[in-house]
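Undergrad: Model the following, please.
(one chain, ligands or ions: 1)
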Amino acid sequence: MACADAGPVPDLFDAENQALQAAKSAHAAAAPAPGGEALADLIVAYERLLRETRRLVRRSDKAELEMNQLNTRLQDLAAELEHRANHDPLTGVLNRAAIIDRVNRMFAHQDLALIVLDIDHFKRINDSFGHPMGDRVILGVVACLQAVVPASAHVGRVGGEEFTVALPRHSGAESEQVAQALRRAIENHAFNLPDGSRVTASFGVCWAGAGGDFDSAYGLADEALFIAKRAGRNQVRQAAACLHAAEHVV
Ligand SMILES: Nc1nc2c(ncn2[C@@H]2O[C@H](COP(=O)(O)OP(=O)(O)OP(=O)(O)O)[C@@H](O)[C@H]2O)c(=O)[nH]1
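TA: Predicted coordinates:
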């Protein structure tokens, strides 16, 4: 589609130009008279003033454009800095400090379920196949978490091979179902370890009412995780202390 012609761009100094042209015409038409020379000087000075003003306007437009570009870059850098401060560089999920902060903020006004999970026998993976393979397993586990957790969940890396999933508005039973789905997703994921072995993880789940805090909920979930490890790994355990209260959530 052809663009409509917007017409000539209006000159910022239209009125001044017209006044200048009028003065020039008057000066040219008038016979040499007293004051004529002064008018000629005035015209020259006015022309110079207009040229100088145009130059200053151009310079200030350029400075404004540069300032806007710098401002955009600064906003991008601030966003990048904030992202780096709050996210784990390997996996991109929230880092330990950020998930703790987020969970404590949410606890201020709502109930929360915490899932803590730890990859089973991860040291063996590192020792047998090297650290880079271990890193790839961590990335695979995070991919499983992100594919399974509901949109409202917050995922954080709280240790080397240990993660926390915070679930707002989930009862203890619902969060246990999420943990079981995560467990199955990891168990069935093709990590392609050189010896063909599978990767599994163990889970502890804890529910706490509004007013709780990360340390207490995490401590209980971690105890449940420890029981899951002792019971043979690749299992989900609910923290006993959280069970009754959790069933009341709707
Ligand atoms: N590749 C890799 N390894 C890590 C990272 N952070 C921690 N680790 C390793 O994770 C391993 C954790 O092992 P352990 O805590 O002994 O536990 P585990 O072998 O997983 O055994 P269980 O938890 O009892 O099933 C150690 O070998 C750490 O060096 C990381 O970012 N990348």
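Undergrad: List of residues touching whichever strand or helix holds Arg237?
TA: For Arg237, the enclosing helix or strand under DSSP states H and E is strand 236-238. Counting by C-beta atoms under 8 Å, 6 or more residues apart in numbering, the neighbours of strand 236-238 from elsewhere in the structure are 172, 176, 179-180, 183, 202-206, 224-225, 227-228, 231, 246. Quick note: C-beta positions are derived from backbone N, CA and C, even for glycine.
Undergrad: Out of those, the closest to the ligand would be?
TA: Sorting these by distance to the ligand puts Ser202 at the head of the list, at 6.9 Å, by C-beta to the nearest ligand atom.
Undergrad: tell me which residues form a beta bridge with the closest one?
TA: Asp118 (DSSP bridges).
Undergrad: And the pLDDT at it?
TA: We have a pLDDT of 98 for Ser202.
Undergrad: Quick check, it in contact with Asp222.
TA: No - under the criterion of C-beta atoms under 8 Å, Ser202 lies out of contact with Asp222, with a separation of 10.9 Å.
Undergrad: the more surrounded of the two?
TA: Ser202 (25 against 19; other C-beta atoms under 10 Å).
Undergrad: wait, what's in contact with that one?
TA: Contact criterion C-beta under 8 Å, 6+ apart gives 117-118, 120, 225, 228-229, 233-236 as the residues in contact with Ser202.
Undergrad: which element is Ile115 on?
TA: The secondary structure element spanning Ile115 is strand 112-119 (assigned by DSSP H and E).
Undergrad: Centre of the chain to the helix or strand harbouring His83, how far?
TA: Here His83 is covered by helix 36-86, with elements defined by DSSP H and E. Computed by C-alpha atoms, centre = their mean, to the nearest Å, the chain-centroid distance of helix 36-86 equals 33 Å.
Undergrad: helix or strand right after that helix?
TA: Once the chain leaves helix 36-86, the next helix or strand it forms, by DSSP H and E, is helix 96-107.
Undergrad: Now that following helix: buried residues?
TA: Under the neighbour-count criterion of 16 or more other C-beta atoms under 10 Å, helix 96-107 has 98-100, 102-103, 106-107 buried.
Undergrad: could you dump it to CSV, C-alpha only?
TA: Coordinates of the C-alpha atoms in helix 96-107 are reproduced here as CSV (Å, rounded to 0.1, in the frame of the first residue of the first chain):
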residue,chain,number,x,y,z
ARG,A,96,19.4,-20.4,46.7
ALA,A,97,19.1,-16.8,48.0
ALA,A,98,16.4,-15.9,45.5
ILE,A,99,14.2,-19.0,46.2
ILE,A,100,14.5,-18.5,50.0
ASP,A,101,13.6,-14.8,49.6
ARG,A,102,10.6,-15.7,47.3
VAL,A,103,9.3,-18.4,49.6
ASN,A,104,9.5,-16.2,52.7
ARG,A,105,7.7,-13.4,50.8
MET,A,106,4.9,-15.8,49.8
PHE,A,107,4.6,-17.2,53.3
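Undergrad: near the ligand, which residues of this protein?
TA: On the criterion C-beta under 6 Å from any ligand atom, the ligand has as its neighbours in the chain the residues 90, 118-124, 126, 131, 134-135, 138, 160-161, 229, 233.
Undergrad: can you do 8 Å?
TA: 90, 118-127, 131-135, 137-138, 159-161, 202, 229, 233 (C-beta under 8 Å from any ligand atom).
Undergrad: Kindly supply the ChimeraX command isolating those of the residues you listed that are buried.
TA: Below is the selection syntax for ChimeraX that covers the buried ones among these, with 16+ other C-beta under 10 Å defining burial:
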select :118,119,120,122,125,126,133,134,137,138,161,202,229
